[in-house]
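K.L.:
Could you work out the structure for the sequence below:
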Amino acid sequence: MGVRSRFAVMSLTEAAADRIREIVEDSDEPVAGLRIGVKKGGCAGMEYTMLKVAEPDPKDERIDAHGVSVFVDPSAVLFLIGTTMDFETTKLRSGFVFRNPNEVSACGCGESVMLKPGELPPVPAAG
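P.N.:
Residues are numbered from 1 along each chain as shown. A predicted model of the protein is given here:
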């Protein structure tokens, strides 16, 4: 049984995919992609998590874009619906950026967010 994929929970920009590809290729151990989640923490209440994945969990939502794979932790799906994952480099920092319509607020440091659950898209009726 493979990893489920019904609709795209989130999307990736080409810049994010390029950085994920670098992480996968530069890894010393086999990596299938990155696993994205959210956890309680930080001054605004929640933080995004990213881990290298060798073997995806069959319960994860899989997103394939621009030649890379991202796996979304099932407990994070409702918080990440509609999110675009980007990678930005500025004069001060470089890193992944999440443009999340479910974000209620963020702390000043940009490391912590307050999220509300999003709405799952309606399932089309069988014809």
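K.L.:
Count the residues that sit near residue 20.
P.N.:
The number of residues packed near residue 20 is 25, by other C-beta atoms under 10 Å. (Glycine included, C-beta is placed from N, CA and C.)
K.L.:
which parts of the helix or strand containing it are buried?
P.N.:
Per DSSP states H and E: residue 20 is located in helix 14-26. The neighbour-count check on helix 14-26 (16 or more other C-beta atoms under 10 Å) flags 15, 16, 17, 19, 20, 24 as buried.
K.L.:
then the very next helix or strand once past it to CSV, C-alphas only?
P.N.:
Using DSSP H and E, the next helix or strand after helix 14-26 towards the C-terminus is strand 33-40. Provided in CSV are the C-alpha atoms of strand 33-40 (Å, rounded to 0.1, in the frame of the first residue of the first chain):
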residue,chain,number,x,y,z
GLY,A,33,12.1,13.7,0.6
LEU,A,34,11.1,16.0,3.5
ARG,A,35,8.4,15.4,6.0
ILE,A,36,6.5,18.6,7.0
GLY,A,37,4.5,18.9,10.2
VAL,A,38,3.6,21.3,12.9
LYS,A,39,4.3,21.1,16.6
LYS,A,40,3.4,23.1,19.7
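K.L.:
Quick one: work out the angle between strand 33-40 and helix 14-26.
P.N.:
110 degrees (axes from the mean of the first three to the mean of the last three C-alpha atoms, to 10 degrees).
K.L.:
Just checking: what are the partner strands of strand 33-40?
P.N.:
Note on strand 33-40: by DSSP bridges, its sheet partners are strand 46-53 (antiparallel), strand 68-72 (parallel).
K.L.:
hmm, who's touching the last one?
P.N.:
Put plainly, it is strand 68-72. Residues outside strand 68-72 that contact it (C-beta atoms under 8 Å, 6 or more residues apart in numbering): 3, 9-10, 12, 17, 20-21, 24, 32-37, 53, 56-57, 60-63, 80, 85.
K.L.:
My read is that residue 14 contacts residue 85, right?
P.N.:
No. In this structure residue 14 lies outside contact range of residue 85 using C-beta atoms under 8 Å: 11.2 Å.
K.L.:
any idea which helix or strand of the chain has the worst average confidence?
P.N.:
strand 113-115 (a mean of 57; mean pLDDT, DSSP states H and E).
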